[in-house]
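**Student:** Next come a sequence and a model predicted from it.
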Amino acid sequence: MARQKKGSDLVRFGISIPSDLIQAFDKYIAEREYKNRSEAIRDLIREKLVEKEWDLEVQDQVVIGTITYVYDHHKRELVDEIIEIQHDFPEEVIVTQHVHLDHHNCLEVAIVRGQAQNLRRLSYKLQALKGIKHCKLTMTTTGASLS
């Protein structure tokens, strides 16, 4: 049973974990430089709650993320196709940042916001373009549902 500390928003609770699992978890938190188990557990819980926000069943939930892609800018008409797709999602694409990696390759990051299904569809359309070498949608949260 959870126990709330008087005058605090913190709740303390106990859990039982096999020793090999807690050893692996302690190694995990040390590698990520957490100060204690509580901080790591809070972040893991938040991560799962963010994943839930991105669940396709939550149709009206506004989420945020980035779409990062690397492409060959010498590929004929690719830049025009990328821009065309971005223009097809004017409510979702907030801003893009373009970086020249070398003579042939560019990296672009699009900060996106909207319903998860629309952001996934935007990412899929970009990824499917011939000349896109790598494309990844990274999901995060607006933070409104987290404390």
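**Tutor:** Okay, I see it. It should be emphasised that the depicted structure is a prediction, and the values quoted were computed from it without experimental measurement.
**Student:** Helix, strand, or coil at residue 130?
**Tutor:** On the three-state scheme (DSSP: H, G, I helix; E, B strand; the rest coil), residue 130 is labelled coil.
**Student:** For this structure, which residues score under the pLDDT cut-off?
**Tutor:** Scanning the chain for pLDDT under 70 picks out the ranges 1-8, 53, 55-59, 145-147.
**Student:** At which residues are the helices of it located?
**Tutor:** For the chain, the helices defined by DSSP state H cover 19-31, 37-53, 78-88, 116-127.
**Student:** Let me know which of these is the nearest to residue 137.
**Tutor:** Residue 137 lies closest, by C-beta to C-beta, to one member of those: helix 116-127, at 3.9 Å. In short, each C-beta sits where N, CA and C put it, glycine included.
**Student:** quick revisit: so which of the helices of the chain is the most surrounded?
**Tutor:** Sort these by mean neighbour count, taking mean count of other C-beta atoms under 10 Å, and helix 116-127 sits at the top with a mean of 18.
**Student:** Quick one: distance of stretch 9-22 to the chain centre.
**Tutor:** In this view, stretch 9-22 has its centroid 27 Å away from the chain centroid, taken as C-alpha atoms, centre = their mean, to the nearest Å.
**Student:** repeat for stretch 61-74
**Tutor:** Centroid displacement of stretch 61-74 relative to its chain, using C-alpha atoms, centre = their mean, is 11 Å.
**Student:** quick one: contacts of it?
**Tutor:** Contact with stretch 61-74 is made by 53-54, 78-79, 82, 100-101, 104-116, 119, 122-123, 126-127, 129, 131-142, as judged by C-beta atoms under 8 Å, 6 or more residues apart in numbering.
**Student:** Can I get the buried ones among these as something I can paste into PyMOL?
**Tutor:** Of the contacts of stretch 61-74, the buried ones can be selected in PyMOL as follows, counting by 16 or more other C-beta atoms under 10 Å:
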select buried, resi 53+54+78+79+82+106+108+110+112+114+115+116+119+122+123+126+129+132+135+137+139+141
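**Student:** Alright, that wraps it up for me.
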